[in-house]
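Dropping the sequence and predicted coords here.
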Amino acid sequence: MTSTDSPSHVTPVAPIAYTLSDFDFALPPALIAQHPTPQRSASRLLDGRAAQPVDRIFKDLPSLLRAGDLLVFNDTRVVKARVFGEKASGGKLELLIERVLSEGDDNEVVAHMKVSKKPLPGAVVHMAGGQRNGGFDALLLGRWRFGWRGRTARRMLYVGAALLLLAYVGSRFVLEVLLERGL
């Protein structure tokens, strides 16, 4: 697009630096949709073009768009990531699913577990009431004990130990072989 092609009503604006706290606000639970509307085109739409936002409905969207406007669609899948359950002992637990590793029959996930005492790998936990009560049972395959931080720390420890060993052997070699001094 050349300068002659650009619309005359567009003026350059200095970029605004946002922080995470700019998007932090109190939202009363009554304003959070709990279920979709029976007629999708009747869902609510917040028009924030004016200083005071205006409540509209989704079917108003075409009349709000102008030629040259950019419309971005978010079609990401939403995962119900927080699941409550209990151990075989009856102790309560909470899983926060971080990511799905495989889909299909395996359904393996990486999850953070909040529990008083973590069950051992091989234990079965009963989630959302367990299979008997309409939920599901899950087998704990293993633990990611150290995560990426632990692996990085261990690597640094091993590299540091190797460097110390090399320095020790090197100093012994220099003293005993090159300088012919015994220790």
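Received, thanks.

as a whole number, average confidence for stretch 69-85?
Stretch 69-85 shows a mean pLDDT of 81.

what about that stretch, start to end distance?
Counting by CA to CA, to the nearest Å, you get 47 Å between the two ends of stretch 69-85.

can you list contacts of stretch 126-139?
83-88, 95, 122-125 (CB atoms under 8 Å, 6 or more residues apart in numbering). The C-beta positions use only the backbone N, C-alpha and C, and glycine is treated the same way.

Could you pull up phi and psi at Glu98?
Main-chain torsions, Glu98, degrees, to the nearest 10: phi -90, psi -50.

ok, it touching Met113?
No - Glu98 lies out of contact with Met113 (CB atoms under 8 Å); the separation is 10.9 Å.

circling back: return the subset of the contacts of stretch 126-139 lying in helices.
The members of the contacts of stretch 126-139 all map outside helices under DSSP state H.

And the strands in the protein?
Using DSSP state E, the strands of the chain run over 44-47, 54-57, 82-86, 92-100, 109-115, 124-127, 136-139.

List the residue ranges of this structure that fall below the pLDDT cut-off.
In the predicted model of the chain, residues 1-14, 78-80, 103-105, 144-155, 182-183 satisfy pLDDT under 70.

middle-most residue in it, spatially?
Glu98 (6.0 Å; CA atoms, centre = their mean).
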